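In: Give me a model of this one.
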Amino acid sequence: MLPFLLAAWAAVRSSGDILRQSRPVSWMLAAWFVLALWSSVQAQQPTAALREVALTLGLVGVTLAVAAVVRQGLPSWLAPAMAAFSLFYAVATTLLFVTGALVGGVASAWVLALGFDNPRFLNHAQTIQLPLLLAALHASRGRWRTVAGLALAFQIALLLYTRGRATQVALVVAPILVYAIGLPGSRRFLRDCLLSGLAGGLVFLAIYLPLSFWVGSQQLWALPGDVGSMTIRMRLWVQALASIQASPWLGLGPMHYSSLRMDQGAHPHNVYLQWAAEYGLPAALLMVAGLAMILWRALAFLRTHDAQAQPFALAAFVACVAALIDATFSGNFVMPVSQLWLALAFGLLLGHLPASTVPGHSRSWALVAWLLLVVQVGYACMTLLDWLSTPPHLGEALVLPPQGKLLPPRHWLHGWF
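Out: Here you go, the predicted structure:
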């Protein structure tokens, strides 16, 4: 909760600049907030729904705080830190893989994803991390450039091994799309994407592939839950469409897709269907339109600026586009680590955009920023009360699942991600 509170306070401090960048987006956010409150009040568990709304606004606050920092100039340590920590994680994971394969005969991707219960959650973060890491490569010199290159190679090898298919599709399509649009610097970006992919493939072939066959080739591709995953997704999407049809205006309520009884998944693995099912079609359209307007403004900015002088601007745009593609097939907008990566990417993008020429009205926009802060204080209080009481559920007695198994809907049984 502390990062959200600090981010909301940063939004208050910078509200006169960042929030006035795009008046339509700010009004869309206000309209969405009204609809989200209305949807939450009519939901089965209003407190759970309101908490999800507060979480979303907290991420908006983080985005604005990042944008405010970028406005003042990117910190000189950003590229080296991103390169160093990305390489550290990838190398540590690779060493774990090598040790497990040679000593214990284990090469499971579900064990390798350090810090993540599921390798897919790692892949969600990589969707945004890898384009930004490529910007760190372009912004670095000397040994830090080497570190960034090695980090890209090992991270891509890890992505190939964990079979993050939605992430792979997103990271292939987004750079090609940006290149097709013809943005300055997109040719170099696409070229370096291909070279990084080649380097990552070589690391995969040199380390992951032979050791996987050493412990048994079936370990390489047989990830639990992958068999029939598209069939499962189709069932989840059909359920979301049925929910939209049943409540098209206000939806089930924020977080409430997870209240449905299903064999698989507490979210539909499609954020657009999830927004429509939980918040209703009007609020979902506002969210999509707001994101589209941000990307349109960024596109206009990138058409007239040198990507080599501002490598993180183009990389943030590619990362945001990739995340929106990934969101069509995954839950990257649901998981907490990728949520913060999303806030970082959109904050980097917003921070590079030129300040609005709209006259003052700083008092009005300051009220929006203060609203973010008040909501986060309320969110902190709700979280504290929740920790001191039983997590919200559907009314039946909680049944503990077998060891190592999740009993959907996991949002309700095990609290929030």
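In: Let me see the contact set for residue 331.
Out: 120, 124, 267, 269, 271 (Cβ atoms under 8 Å, 6 or more residues apart in numbering). In short, each C-beta sits where N, CA and C put it, glycine included.
In: among the residues you listed, who's most crowded?
Out: residue 124 (30 neighbours; other Cβ atoms under 10 Å).
In: who's in contact with it?
Out: Contacts of residue 124 by Cβ under 8 Å, 6+ apart are 167, 326, 330-332, 335, 337-338, 341.
In: Distance of it relative to residue 336?
Out: According to Cβ to Cβ, to the nearest Å, residue 124 and residue 336 sit 10 Å apart.
In: and for these two, which residues touch both?
Out: By Cβ under 8 Å, 6+ apart, no residue touches both residue 124 and residue 336.
In: one step back: helices - which of the contacts of residue 331 land there?
Out: Residues of those located in helices (DSSP state H): 120, 124, 271.
In: thinking the last one is in contact with residue 335, fair?
Out: No: Residue 271 is beyond contact range of residue 335, at 11.3 Å (criterion: Cβ atoms under 8 Å).
In: Flag the shaky bits of the protein, pLDDT-wise.
Out: 1-23, 104, 106-107, 216-228, 261-263, 355-369, 386, 390-417 (pLDDT under 70).
In: Now do the domain split for it, please.
Out: Per the record, the chain has its domains at 1-73+229-279+355-391+405-417, 75-217+331-341, by automatic domain parsing.
In: Save the ones you listed as a markdown table, and put in distance to residue 292 too.
Out: Below are the domains of the chain laid out as a markdown table (distance: least, Cβ to Cβ, whole Å):
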| stretch | distance to residue 292 |
| --- | --- |
| domain 1-73+229-279+355-391+405-417 | 10 |
| domain 75-217+331-341 | 14 |
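In: and of the ones you listed, who's closest to residue 290?
Out: The closest of the domains of the chain to residue 290 is domain 1-73+229-279+355-391+405-417. By Cβ to Cβ, the value is 4.5 Å.
In: middle-most residue in this structure, spatially?
Out: With distances taken as Cα atoms, centre = their mean, the residue of the chain nearest its centroid is residue 338 (3.3 Å).
In: For it, identify the helix or strand it belongs to.
Out: helix 336-352 (DSSP states H and E).
In: So what touches that helix?
Out: By Cβ under 8 Å, 6+ apart, helix 336-352 touches 18, 21, 59-60, 62-71, 115-116, 121, 124-125, 127-129, 132, 294, 298, 301, 310, 312-313, 315-317, 319-320, 323, 332-333, 417.
In: all helices of the stretch 101-250 of the chain, in order?
Out: Secondary structure of the stretch 101-250 of the chain by DSSP state H, counting those that start in this stretch: the helices cover 109-112, 119-139, 143-162, 165-181, 186-203, 209-215, 218-221, 229-246.
In: buried ones in the fifth one?
Out: Applying a neighbour-count criterion of 16 or more other Cβ atoms under 10 Å, one finds 186, 188-190, 192-193, 196-197, 199-200, 203 buried in helix 186-203.
In: just the angle between the strand or helix carrying residue 88 and helix 143-162, please?
Out: Using DSSP H and E, residue 88 maps to helix 78-99. When axes from the mean of the first three to the mean of the last three Cα atoms, to 10 degrees is applied, the directions of helix 78-99 and helix 143-162 differ by 40 degrees.
In: Show me what helix 78-99 packs onto, helices and strands only.
Out: With contacts taken as 3 or more Cβ pairs under 8 Å, 6 or more residues apart in numbering; DSSP states H and E, helix 78-99 sits against helix 109-112, helix 119-139, helix 143-162.
In: Turn those helices into CSV, including distance to residue 346.
Out: Below are these laid out as CSV (distance: least, Cβ to Cβ, whole Å):
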stretch, distance to residue 346
helix 109-112, 29
helix 119-139, 10
helix 143-162, 21
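In: How about the secondary structure of residue 50?
Out: Secondary structure state of residue 50, per DSSP: H, G, I helix; E, B strand; the rest coil, is helix.
In: Can you tell me the closest non-neighbouring residue to it?
Out: Of all residues not flanking residue 50 in the chain, residue 40 sits nearest, at 4.8 Å (Cβ to Cβ, 6 or more residues apart in numbering).
In: Am I right that the one you found is in contact with residue 253?
Out: Yes: using Cβ under 8 Å, residue 40 makes contact with residue 253 at a distance of 5.9 Å.
In: thinking again about what came up before, can you give me the angle the helix holding residue 338 makes with helix 119-139?
Out: 30 degrees.
In: residues near residue 349, how many?
Out: Counted with other Cβ under 10 Å, residue 349 comes out at 28.
In: Name the nearest residue to it, sequence neighbours excluded.
Out: Using Cβ to Cβ, 6+ apart, the closest residue to residue 349 is residue 316 (4.2 Å).
In: neighbours of residue 30, just the number please.
Out: Neighbour tally, residue 30, other Cβ under 10 Å: 13.
In: State the helix or strand in which it lies.
Out: helix 23-41.
In: next one: residue 252
Out: Residue-wise, residue 252 maps onto no helix or strand under DSSP H and E.
In: List the residues that contact it.
Out: 43-44, 243, 259-260, 277-278.
In: which of those residues are buried?
Out: Judged by 16+ other Cβ under 10 Å, buried ones among the contacts of residue 252: 43, 243, 259-260, 277-278.
In: Including distance to residue 212 and secondary structure, could those go into a markdown table?
Out: Listed next are these as a markdown table, based on distance: Cβ to Cβ, whole Å; DSSP: H, G, I helix; E, B strand; the rest coil:
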| residue | distance to residue 212 | secondary structure |
| --- | --- | --- |
| 43 | 46 | coil |
| 243 | 40 | helix |
| 259 | 39 | helix |
| 260 | 37 | coil |
| 277 | 39 | helix |
| 278 | 39 | helix |
